[in-house]
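>>> Provided below for reference: sequence and predicted model.
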Amino acid sequence: MLVNNEIIQNFSRISSRGVFGQALTDISKENKDLRIVVADVSSSARLSGIDTDKIINVGIAEQNMIGIAAGLASEGKLVYATSFAPFASMRCYEMIRTQLGYMNLNVKIVGLMSGLAGGVVGNTHYGLEDIAIMRVIPNMTILSPADGLETYKAIQASTCIEGPCYIRLTGINGFTPVYKEDYEFNVGKAITLREGEDVAIIATGTMVGEAVRASRALSKNNISTTVIDMHTIKPIDKQAVKYAFENHKLVVTIEEHSIIGGLGSAVAEYASSLKNVAPQLILGIPDKFGKVGDYMFMLKQYGLTAPQIVEKILENY
Amino acid sequence: MKNFENYPEIAKKIRKNIIEAGWACGVRGGHFGGSLSIVDILTVLYKTVLKYDVKNPLKTDRDRFILSKGHCAQALYAALYEFGFISKEQLLSFNADNGDFPSHCVMNPQYGIELSSGSLGIGLSFAIGQALALNQHVKHYVLVGNGELNEGSVWEAIMFAGHKNIDSICVIVDDNGMQLDGFSNAILPVSNWKEKFSAFLWDVVEIDGHNFNEIEKALTTKHTGHPLAVIAHTVKGKGISFMENNPQWHHHSLNQEQYNQALTELGDALC
């Protein structure tokens, strides 16, 4: 794909869901073994451009979705299974663990509208825990792209992962592009977007964009910041984590996910083995079910906008 | 396959294999009751119904047998040994530390094990996925327990297979009327099988799951248009008197006296 400004703006406009549909449409033209199992969300997942014989709509039945996906994969198909993040990850969790993890089958689960992207549809539809629960399943890879272009690259890259994978899509229509030009995306290899000496921010999903904006603001306070896009949560890029902890005075992790079990935890689990390194500040969604509002209201409620992130870093630096 | 043998002889040997495997693992015990109730069905499946090549177990066009009631892997291993997929040594490594043949089976098509099961309610969905990936010449036989039908996930799959007319799928319900906590009638009975499956556009036959003629007829009659459910009424623990309809033998271990008695009741079948 030729990446240009027009494509990047279009990806921003159609949101991660639209990009997902676009990426799968492109893959379907090359890969005859592609199958997509959906639980009554084919319009939400923007799959209308794909041959109907490649799409299996199981209705609102996520457990059956994962079982069928597993059966297809056991016979050599490349399978994507999708619904809104909490239903694609939690309703059928034990099926994912047993049939995809334990049996190590080649199914990619795509959690749509994760994080707080659901806005006013509320807590039932938020993806607050998906990273945490997917992380504990052996064999599982977890991808969490930062913007539209990275979503496209993550979906493309996932076709080459042998085994189960959870792809977490965050962001709403019009979300700001982080990447303005083409770049190399490798599963498990974090991307350093800005380099600084004082604070390292490790972010994932939509929070990468907020981290970049926070970093620019911090430079006005004479705090230089490294910003790392941790698009692969599992396996975590240990080298990037080590670099952050050994070369900065503070490491901050930011995610549109519970502060328990997500990116912050994954980073801390590895960093706990490092000696004499910087402390870590974990920013994310607090351990509670908050009141519901639109996407920006939710980000503000949980302190996840760039100005609020700056404030918290200044308090802790 | 040993074609000269008849169903009762093979079934007796498989029952004996179940006892020997369970005896070999001592106090670790096994799921004797539910394993013994499916022996006659497995006998007909492996002797007559399933298309497979034991010398080439991964052959793409083999029929798929999915043991969805995975806690009865002991019976599957017993049948796989009888039909040449695994060795006697492997059968007797049932429930051994670090073994390939634990209580709940682990996917290993080389040994004829298509699915890691034990978690109930996943086999039919899996078989549907396989059926959608393969051509119609391959048949998919899924063995579920009556207790397993408590799981909502099975009904999601039943609804879907009926809607899509996936006629390469046959579900066999081992209705032994019991489950872990005892008699299903006192727990969560699923009655009126015929009406329930028919409502989801399945064809249904009800049989005596210990009558070889009925089993063979149900599983070999040419059948198209809809998925098929064979409701097999069985006896939990069938063939060993002290295990029959005894909730204790859902999972239990044998003592010397019980082992001797089980072998006596099975007569002179050679393991």
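Good, I have the coordinates.
>>> mean confidence for stretch A:270-282?
Stretch A:270-282 carries an average pLDDT of 97.
>>> my guess is B:F200 meets B:G162, correct?
Yes - assessed by C-beta atoms under 8 Å, B:F200 is found in contact with B:G162 at 4.0 Å. Glycine gets a C-beta too; all of them are placed from N, C-alpha and C.
>>> give me the common contacts of these two.
The overlap between the contact sets of B:F200 and B:G162 (C-beta atoms under 8 Å, 6 or more residues apart in numbering or on different chains) is empty.
>>> ok, A:T124 to chain B distance?
Counting by C-beta to the nearest C-beta, to the nearest Å, the separation of A:T124 from chain B is 19 Å.
>>> ok, the closest residue to that residue other than its chain neighbours to chain B distance?
Leaving aside its chain neighbours, A:T124 sits nearest to A:P86 (7.0 Å; criterion: C-beta to C-beta, 6 or more residues apart in numbering or on different chains). Relative to chain B, A:P86 is positioned 18 Å away (C-beta to the nearest C-beta).
>>> what do you get for A:P145?
In terms of C-beta to the nearest C-beta, A:P145 sits 27 Å off from chain B.
>>> can you get me a residue count around the residue nearest to A:T124?
A count of neighbours around A:P86, defined by other C-beta atoms under 10 Å in any protein chain shown, yields 21.
>>> contact partners for it?
Residues near A:P86 by C-beta under 8 Å, 6+ apart: A:G111, A:T124, A:H125, A:Y126, A:G127, A:L128, A:E129, A:D130.
>>> give the buried residues for stretch A:139-153.
Buried residues in stretch A:139-153, counted by 16 or more other C-beta atoms under 10 Å in any protein chain shown: A:140-153.
>>> nearest to B:G182, of those?
B:G182 lies nearest to A:M140 out of those, by C-beta to C-beta, at 37.5 Å.
>>> how about that closest one, what does it touch?
Neighbours of A:M140 in contact, by C-beta under 8 Å, 6+ apart: A:L100, A:G101, A:M134, A:G163, A:P164, A:C165, A:Y166, A:K234.
>>> go again with 10 Å.
A:M140 makes contact with A:96-97, A:100-101, A:104, A:109, A:133-134, A:163-166, A:233-235, according to C-beta atoms under 10 Å, 6 or more residues apart in numbering or on different chains.
>>> what ranges do the strands span in chain B?
B:64-67, B:140-145, B:169-175, B:178-179, B:182-183, B:203-208, B:228-233 (DSSP state E).
>>> from the contacts of A:M140, list the ones also adjacent to chain B.
The subset of these within reach of chain B, by C-beta under 10 Å from any C-beta of the partner chain, is A:R97, A:N104.
>>> can you get me a residue count around A:T176?
14.
>>> please, which helix or strand holds it?
In this structure, A:T176 is located outside every helix and strand according to DSSP states H and E.
>>> turn the strands of chain B into TSV, columns for distance to chain A, mean neighbour count and mean pLDDT.
Output for the strands of chain B, formatted as TSV (distance: least, C-beta to the nearest C-beta, whole Å; neighbours: other C-beta atoms under 10 Å in any protein chain shown; pLDDT from 0 to 100):
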stretch	distance to chain A	mean neighbour count	mean pLDDT
strand B:64-67	9	25	98
strand B:140-145	9	26	98
strand B:169-175	11	25	98
strand B:178-179	19	26	96
strand B:182-183	24	14	96
strand B:203-208	20	17	97
strand B:228-233	17	24	98
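>>> any chance of those strands in a markdown table, plus distance to B:S116?
A markdown table is the format used below for the strands of chain B (distance: least, C-beta to C-beta, whole Å):
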| stretch | distance to B:S116 |
| --- | --- |
| strand B:64-67 | 10 |
| strand B:140-145 | 15 |
| strand B:169-175 | 19 |
| strand B:178-179 | 21 |
| strand B:182-183 | 27 |
| strand B:203-208 | 28 |
| strand B:228-233 | 24 |
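>>> now flag whichever of the buried residues of stretch A:139-153 is closest to B:L143.
For the buried residues of stretch A:139-153, the closest approach to B:L143 (C-beta to C-beta) belongs to A:M140, at 29.1 Å.
>>> quick check: A:V58 touching A:G71?
No - under the criterion of C-beta atoms under 10 Å, A:V58 makes no contact with A:G71, lying 11.9 Å away.
>>> please say which of the two ends up with more neighbours.
More crowded of A:V58 and A:G71, by other C-beta under 10 Å: A:G71, with 33 against 27.
>>> roughly how far apart are the more buried one and B:A133?
According to C-beta to C-beta, to the nearest Å, A:G71 stands 7 Å off from B:A133.
>>> need the residues touching each of these two.
Common contacts of A:G71 and B:A133 (C-beta under 10 Å, 6+ apart): A:K77, A:V79.
>>> can you give me the helices in the stretch 101-250 of chain A?
Under the criterion DSSP state H, counting those that start in this stretch, the stretch 101-250 of chain A contains helices at A:130-135, A:148-158, A:207-219, A:238-246.
>>> redo the ones you listed as CSV? Include mean pLDDT.
Output for the helices of the stretch 101-250 of chain A, formatted as CSV (pLDDT from 0 to 100):
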stretch, mean pLDDT
helix A:130-135, 98
helix A:148-158, 97
helix A:207-219, 98
helix A:238-246, 98
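>>> out of everything not next to it in sequence, what's closest to B:V27?
With C-beta to C-beta, 6+ apart as the measure, B:S253 is the residue that lies nearest to B:V27, at 4.9 Å, once sequence neighbours are left out.
>>> and A:L218, by the same measure?
A:T225 (5.2 Å).
>>> pretty sure the one you found is touching A:A214, no?
Yes - here A:T225 lies in contact with A:A214, judged by C-beta under 10 Å, at a distance of 7.5 Å.
>>> which neighbours do those two have in common?
With contacts defined as C-beta under 10 Å, 6+ apart, the residues shared by A:T225 and A:A214 are A:V199, A:I201, A:V252, A:V310, A:I313.
>>> could you list every residue that touches the third one?
Which is A:V252. Contact partners of A:V252, counting by C-beta under 10 Å, 6+ apart, are A:199-203, A:211, A:214, A:225, A:227, A:244, A:264, A:267, A:278-283, A:309, A:312-313, A:316-317.
>>> out of those residues, which are buried?
Using 16+ other C-beta under 10 Å, the buried ones in the contacts of A:V252 are A:199-203, A:211, A:214, A:225, A:227, A:244, A:264, A:267, A:278, A:280-283, A:309, A:312-313.
>>> among the shared contacts of A:T225 and A:A214, which lie within strands?
Per DSSP E, the shared contacts of A:T225 and A:A214 map to strands at A:V199, A:I201, A:V252.
>>> my guess is the second one contacts A:L283, does it?
Yes - look at A:I201 against A:L283 with C-beta under 10 Å: they come within range, at 9.1 Å.
>>> which bits of chain A sit near chain B?
Residues of chain A lying close to chain B by C-beta under 10 Å from any C-beta are A:33, A:35, A:37, A:39, A:53, A:56-77, A:79, A:92, A:94-95, A:97-99, A:102-105, A:107.
>>> one step back: please enumerate the shared neighbours of A:I201 and A:L283.
Contacts common to A:I201 and A:L283, judged by C-beta under 10 Å, 6+ apart, are A:M207, A:E210, A:A211, A:A214, A:V252, A:T253, A:I254, A:I309, A:I313.
>>> and of these, the nearest to chain B?
Nearest to chain B among the shared contacts of A:I201 and A:L283, counting by C-beta to the nearest C-beta, is A:T253 at 33.7 Å.
>>> let me see the contact set for that closest one.
So A:T253 contacts A:200-204, A:207, A:211, A:228, A:230, A:241, A:244, A:259, A:262-268, A:271, A:280-284 (C-beta under 10 Å, 6+ apart).
>>> quickly list what it is bridged to.
A:I202, A:I282 (DSSP bridges).
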